[in-house]
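J.: can't give you the sequence, but here's the structure:
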């Protein structure tokens, strides 16, 4: 089973090193960091840890969704089995990739495996929990799929599934767009438990809760 990882990163020089270091214990086919116009040493740090780096210059990128789409386009011609997506900001523990691999070892037909932080609910800020729960419930009802954590940035997706999706999001709603559009196919969905990590300091997410949940739902329904 060959897995190619994509990490979208902007100004994550202080966090991306440990994330990439944690992935080194796994035999990944490729590790691609998409440097989305960083003004710090994100790209250099990623390269020093052995990752491939795709640089989007300021003005060329358009946010997390644009960076992920650029990464997918770069890797699509290659031959492998699964895309791995993992946030570069240290809010996921790369060691939890073992949970995904363990699941695939017993369920090799899984198509879309999402890391669920909900067993760590006590560690999730209340506002983020409510927003995530609302988005997950709303989009699940529309899509007809039961999800636990639709906004999780830690997921494995079978390549032949993702390559046929027409993705358009440029911002952080990309995870929900992928899940919504993948729900049009008869897939084998799964959730595995992962840690919820929230670093000290002000929230770094720009998600606008109810507004962005409905916007991405509407965009997905139009396509």
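T.: Alright, I've got the coordinates. Since we're looking at a predicted model, the values are computed, not measured.

J.: Tell me if I am right that residue 72 is in a strand.
T.: No: Residue 72 sits outside any strand when classified using DSSP: H, G, I helix; E, B strand; the rest coil, being helix.

J.: From residue 40, how far off is it?
T.: 24 Å (Cβ to Cβ, to the nearest Å). C-betas here are computed from N, CA, C, even on glycine.

J.: Looking at the two, which is more packed in?
T.: residue 72 (22 against 14; other Cβ atoms under 10 Å).

J.: Might one say that the more buried one is in contact with residue 167?
T.: Yes: at 7.5 Å, residue 72 counts as touching residue 167 under the criterion of Cβ atoms under 8 Å.

J.: my guess is residue 16 meets residue 86, correct?
T.: No: distance between residue 16 and residue 86: 10.3 Å, which falls outside the contact criterion (Cβ under 8 Å).

J.: Between these two, which contacts overlap?
T.: residue 7 (Cβ atoms under 8 Å, 6 or more residues apart in numbering).

J.: Phi and psi next, for the residue nearest to the spatial centre of the chain.
T.: Among the residues of the chain, the one closest to the centroid is residue 153, at 3.1 Å (Cα atoms, centre = their mean). Note on residue 153: backbone dihedrals following degrees, to the nearest 10 are phi -90, psi 10.

J.: Now it: closest residue in space that isn't a chain neighbour?
T.: residue 87 (4.0 Å; Cβ to Cβ, 6 or more residues apart in numbering).

J.: Residue 154 too?
T.: Here the residue nearest residue 154, using Cβ to Cβ, 6+ apart, is residue 115, at 3.6 Å.

J.: Please name every helix or strand in contact with the strand or helix carrying the one you found.
T.: Using DSSP states H and E, residue 115 maps to strand 112-116. Strand 112-116 sits against helix 97-106, strand 155-158, helix 174-182, strand 189-193, with contacts defined as 3 or more Cβ pairs under 8 Å, 6 or more residues apart in numbering; DSSP states H and E.

J.: Among the ones you listed, single out whichever gets nearest to residue 3.
T.: Comparing these against residue 3 with Cβ to Cβ, the closest turns out to be strand 155-158 (7.1 Å).

J.: Name the residues that touch the helix or strand following that closest one?
T.: Note on strand 155-158: by DSSP H and E, the next helix or strand toward the C-terminus is helix 159-162. With contacts defined as Cβ under 8 Å, 6+ apart, helix 159-162 is touched by 4, 72, 80, 81, 82, 83, 111, 112, 178, 182, 185, 187.
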